[in-house]
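Enquirer: next input, structure requested:
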Amino acid sequence: MAKPRTTGRQAAKAASKTLKSGSTGPKSKTAAGSALSQVKSPKKQTSPRAASAASKVMKDGRTAKPSKTAAGSALSQRASKPRKK
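Expert: The predicted model follows:
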């Protein structure tokens, strides 16, 4: 079983900055909110909806670095998918 992960200080700071920004899109805010909610909660995992939003943020070339940092943190804490045999 994998070690439970939490959002680190740098990613939490980036998520906070993303949420405060008025020019940030809804997908970035969803991913940032998910990352920020997991700061000291190792049992929480990123929902499929937030993981999808975070994935789209990571793929978008126009996204700012703080948003990508928060999205990466959210993605690293998503529940693993069962593998197909």
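
Enquirer: now do the SS call for the residue nearest to the spatial centre of the chain.
Expert: In the chain, the residue lying closest to the centroid (Cα atoms, centre = their mean) is Ala74, at 2.3 Å. With DSSP: H, G, I helix; E, B strand; the rest coil as the basis, Ala74 sits in helix.

Enquirer: run through this structure and note the low-pLDDT ranges.
Expert: 1-3 (pLDDT under 70).

Enquirer: let me see the ranges of the helices in it.
Expert: 9-20, 26-37, 48-59, 65-76 (DSSP state H).

Enquirer: gap between the residue nearest to the centre of the chain and Lys85?
Expert: As judged by Cβ to Cβ, to the nearest Å, Ala74 and Lys85 stand 28 Å apart. Yep, even glycine has a C-beta here, placed from its N, CA and C like the rest.

Enquirer: what does Gly22 give?
Expert: From Gly22 to Lys85 the distance is 48 Å (Cβ to Cβ).

Enquirer: for Asp60, same thing?
Expert: 34 Å.

Enquirer: so for these two, which residue has more residues nearby?
Expert: Asp60 (14 against 3; other Cβ atoms under 10 Å).

Enquirer: skipping adjacent residues, who's closest to Ser16 in space?
Expert: Leu36 (6.5 Å; Cβ to Cβ, 6 or more residues apart in numbering).

Enquirer: shouldn't that neighbour be in contact with Ala14?
Expert: No: Leu36 is beyond contact range of Ala14, at 9.5 Å (criterion: Cβ atoms under 8 Å).

Enquirer: what is in contact with those two at once?
Expert: Shared contacts of Leu36 and Ala14, defined by Cβ atoms under 8 Å, 6 or more residues apart in numbering, are found at Ala70.

Enquirer: please say which of these two ends up with more neighbours.
Expert: Ala14 (25 against 20).

Enquirer: now do the contacts for the more buried one.
Expert: Residues in contact with Ala14, defined by Cβ under 8 Å, 6+ apart, are 32, 65-67, 69-70, 73.

Enquirer: restricted to buried residues, select the residues you listed in ChimeraX.
Expert: Of the contacts of Ala14, the buried ones can be selected in ChimeraX as follows, counting by 16 or more other Cβ atoms under 10 Å:
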select :32,66,67,69,70,73
